[in-house]
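Novice: missing the sequence, but the structure's below:
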Ligand code: NAP
């Protein structure tokens, strides 16, 4: 008997990086998974195939998280294929790096729409189909609480995700739905290829565990927050950054 047997998870941004690793980990614990993706359909299918080969169940559901229809289609995929929805992980997101004078109005629209609107639309679509005991985990960032020069827009979008997470935890608590956020430090993915090349060694040196993060590190933190062991945790943001000071 696996800990998530009989449960169904929808992970946005699961074609690559943190989301893909999370989908695989939740599936290995018994959950059937809806693999959300934006444009990388082949990558999403590969994640689903890997899960299938290991004896798990997964389907893919694509589209832009900025659109309500994308979220509605993913929920429909969960219900039609697996009959329920217990877990939502909102991993879809984009990065932005640039100082005061470089941030354009388009940047603001793009970053807030994907990181904040996308998270909100996913939660709005999922909750009506979730029952007592459901769990939602948003992905924020260490940079929400520790902004750096150049991270203003990205940090603001992720701080908004944390605020929304805390508010929805209060709103959904009476329905016994837990809502938490994981705030990763620097993790090696497609998103951070340049950052890792430029400042990976410096970040590792500032981190007690002496390395930068891997997607599996964050997937593990997410899995903990959706497990029954964290049944008393809601409205919190778990910093998963190797203890970086
Ligand atoms: P990644 O490897 O670049 O993957 C991003 C994922 O988001 C992909 O699956 C992508 O889908 C999806 N996505 C992006 N825009 C989308 C859109 N408009 N509609 C639908 N899907 C969209 O990124 P990652 O590093 O795994 O990051 C995952 C999450 O963790 C993000 O929210 C990120 O902000 C956060 N985070 C990352 C780090 C880090 O150091 N890596 C640190 C803190 C927080 P397609 O490729 O299919 O389009």
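Specialist: Perfect, I can see it now. Everything quoted here is computed from the prediction, not taken from an experiment.

Novice: Residue 146 and residue 203, how far apart?
Specialist: Going from residue 146 to residue 203 by C-beta to C-beta, to the nearest Å gives 12 Å. In short, each C-beta sits where N, CA and C put it, glycine included.

Novice: These two: who's more crowded?
Specialist: Neighbours per residue, other C-beta atoms under 10 Å: of residue 146 and residue 203, the larger number sits with residue 203, 20 against 15.

Novice: Contact partners for the more buried one?
Specialist: 185, 186, 212, 244 (C-beta atoms under 8 Å, 6 or more residues apart in numbering).

Novice: what residues does this protein put near the ligand?
Specialist: Selection of the chain residues close to the ligand by C-beta under 6 Å from any ligand atom yields 13, 15-19, 37-40, 64-66, 91-94, 114, 139, 141, 184, 186-187, 189-192.

Novice: taking these one by one, which sit in helices?
Specialist: 17, 18, 19 (DSSP state H).

Novice: Stretch 58-76 spans what distance, first to last residue?
Specialist: 14 Å (C-alpha to C-alpha, to the nearest Å).

Novice: So which bits of that stretch are buried?
Specialist: Counting neighbours by 16 or more other C-beta atoms under 10 Å, one finds that the buried residues in stretch 58-76 are 58-63, 65-66, 70-75.

Novice: Can you check the pLDDT for the residue positioned nearest the centre of the chain?
Specialist: Among the residues of the chain, the one closest to the centroid is residue 91, at 2.4 Å (C-alpha atoms, centre = their mean). If you check residue 91, the pLDDT there is 98.

Novice: Same check on residue 218?
Specialist: On the pLDDT scale, residue 218 gets 98.

Novice: That one contacts residue 183, doesn't it?
Specialist: No. Judged on C-beta atoms under 8 Å, residue 218 makes no contact with residue 183 at a distance of 9.6 Å.

Novice: Identify the contacts common to these two.
Specialist: 139, 240.

Novice: In terms of neighbours, single out the busier of those two.
Specialist: A count of neighbours by other C-beta under 10 Å puts residue 218 above the other of residue 218 and residue 183, at 27 against 23.

Novice: so what's that one up against?
Specialist: 18, 21, 22, 139, 182, 184, 187, 240.

Novice: Let me know the closest of those residues to residue 119.
Specialist: Using C-beta to C-beta, residue 139 comes nearest to residue 119 of the contacts of residue 218, at 8.4 Å.

Novice: Now name the helix or strand holding the residue lying farthest from the centre of the chain.
Specialist: Distance from the centre of the chain peaks at residue 101, with 29.5 Å (C-alpha atoms, centre = their mean). Using DSSP states H and E, no element contains residue 101; it sits outside every helix and strand.

Novice: With residue 110 instead?
Specialist: Per DSSP H and E: helix 105-112 holds residue 110.

Novice: give me the element residue 179 is part of.
Specialist: strand 178-184.

Novice: what packs against the helix ranked longest in the chain?
Specialist: Taking DSSP H as the criterion, the chain has its longest helix at helix 152-172. With contacts defined as 3 or more C-beta pairs under 8 Å, 6 or more residues apart in numbering; DSSP states H and E, helix 152-172 has these neighbours: helix 105-112, helix 118-126, strand 135-139, helix 142-145, strand 178-184, strand 237-240.

Novice: Mean pLDDT added to the ones you listed, as a markdown table?
Specialist: Formatted as a markdown table, the helices and strands packed on helix 152-172 follow (pLDDT from 0 to 100):
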| stretch | mean pLDDT |
| --- | --- |
| helix 105-112 | 98 |
| helix 118-126 | 99 |
| strand 135-139 | 99 |
| helix 142-145 | 97 |
| strand 178-184 | 99 |
| strand 237-240 | 98 |
